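Q: Return atomic coordinates for the entry below.
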Amino acid sequence: LCDVHAAVFKGSIADIHGMQKQELRDIPGHPINVFVEENHALEEFLSDEVVPSLEDFVTNQNDESKNLLLEKLHKLSEIDIHYARKENLFFPYLEKHGITAPPKVMWGVDDEIRAELKEVISLIKDTPNLVEEIVTKANAVIEKIREMIYKENDILLPLLEETLTFYEWIKIDKSTPEMGYFLVKPKQLWGQKEESKEVKEV
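A: Down below sits the predicted model:
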């Protein structure tokens, strides 16, 4: 009977949850929307700029290809802004609601990504001849970042949507600008639309 009930109600429940999630993700400037847009830009940056520059470095192994790869990786290192906003604005509210395990695990992986990016950059600067090691470590951290994008979009954000209150989102929204943005910046703030319009006009 449980299976029958699940089959009957699965569509309507999925529609309701899907609508709620889609609404938040589609609201310009909402912290959820900002996070999704950053992850979309990050996916494109990895595929269109970081990976090709790594391939170019392997093929040419000259100063030009090395410097280009370093430039892309330094830009990628700014992902720290994205992670810091998640860790300092999202996680405390989850912990306030008694949800501690996912933030703890995710924060640990964030730190691994930060450290591995620094290691790859150091290798390229100091020992660019170690191409195989550089490529192996670079691909590993790229894959780890892609896995984190999935975890954020499909696990963390739905959890936040189900847990946080409207007023908690207001507080997060107000604190977001001072944390900064990664790769893309919202055209307006969700909770401060009129104020952001005035700033834009100026």
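
Q: Surely residue 169 is in contact with residue 33?
A: No: using CB atoms under 8 Å, residue 169 makes no contact with residue 33, being 11.0 Å away. (Glycine included, C-beta is placed from N, CA and C.)

Q: neighbour-wise, which of the two wins?
A: residue 169 (20 against 17; other CB atoms under 10 Å).

Q: Just give the nearest non-adjacent residue to the residue nearest the centre of the chain, would you?
A: Centroid check for the chain by CA atoms, centre = their mean gives residue 39 as the closest residue, at 4.5 Å. Excluding its sequence neighbours, the residue lying closest to residue 39 (CB to CB, 6 or more residues apart in numbering) is residue 149, at 4.9 Å.

Q: And the helix or strand harbouring the one you found, what's buried?
A: Per DSSP states H and E, residue 149 falls inside helix 131-151. For helix 131-151, a neighbour-count test (16 or more other CB atoms under 10 Å) marks 134, 137-138, 141-142, 145, 148-149 as buried.

Q: repeat for stretch 88-105
A: 89-91, 93-94, 99, 103.

Q: Provide a list of residues in contact with residue 43.
A: 146, 149 (CB atoms under 8 Å, 6 or more residues apart in numbering).

Q: For it, which three-state class applies?
A: Classification of residue 43 using DSSP: H, G, I helix; E, B strand; the rest coil returns helix.

Q: do you know how far the nearest residue to residue 109 once chain neighbours are set aside is from residue 130?
A: Leaving aside its chain neighbours, residue 109 sits nearest to residue 148 (6.2 Å; criterion: CB to CB, 6+ apart). Note on residue 148: its distance to residue 130, by CB to CB, to the nearest Å, is 26 Å.

Q: now residue 39
A: Between residue 39 and residue 130 the distance is 31 Å, computed by CB to CB.

Q: about what we covered before: I'd like the buried residues of helix 131-151 as TSV, with pLDDT appended.
A: Listed next are the buried residues of helix 131-151 as TSV, based on pLDDT from 0 to 100:
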residue	pLDDT
134	96
137	97
138	97
141	98
142	98
145	98
148	97
149	97
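
Q: Between which two of these is the distance greatest?
A: With CB to CB as the measure, no two of the buried residues of helix 131-151 lie farther apart than 134 and 149, at 22.6 Å.

Q: So for the closest residue in space to residue 163 that isn't next to it in sequence, what's the pLDDT?
A: What sits nearest to residue 163 in space, not counting adjacent residues and going by CB to CB, 6+ apart, is residue 97, at 5.1 Å. We have a pLDDT of 96 for residue 97.

Q: Could you do residue 6 as well?
A: Reported pLDDT for residue 6: 41.

Q: Select the helix or strand of this structure having the lowest average pLDDT value.
A: Least confident helix or strand of the chain, by mean pLDDT, DSSP states H and E, is helix 193-201 with a mean of 46.

Q: Helix, strand, or coil at residue 168?
A: Following three-state DSSP, residue 168 is assigned to helix.

Q: Burial check on it, number of neighbours?
A: Applying other CB under 10 Å, we find 19 residues neighbouring residue 168.
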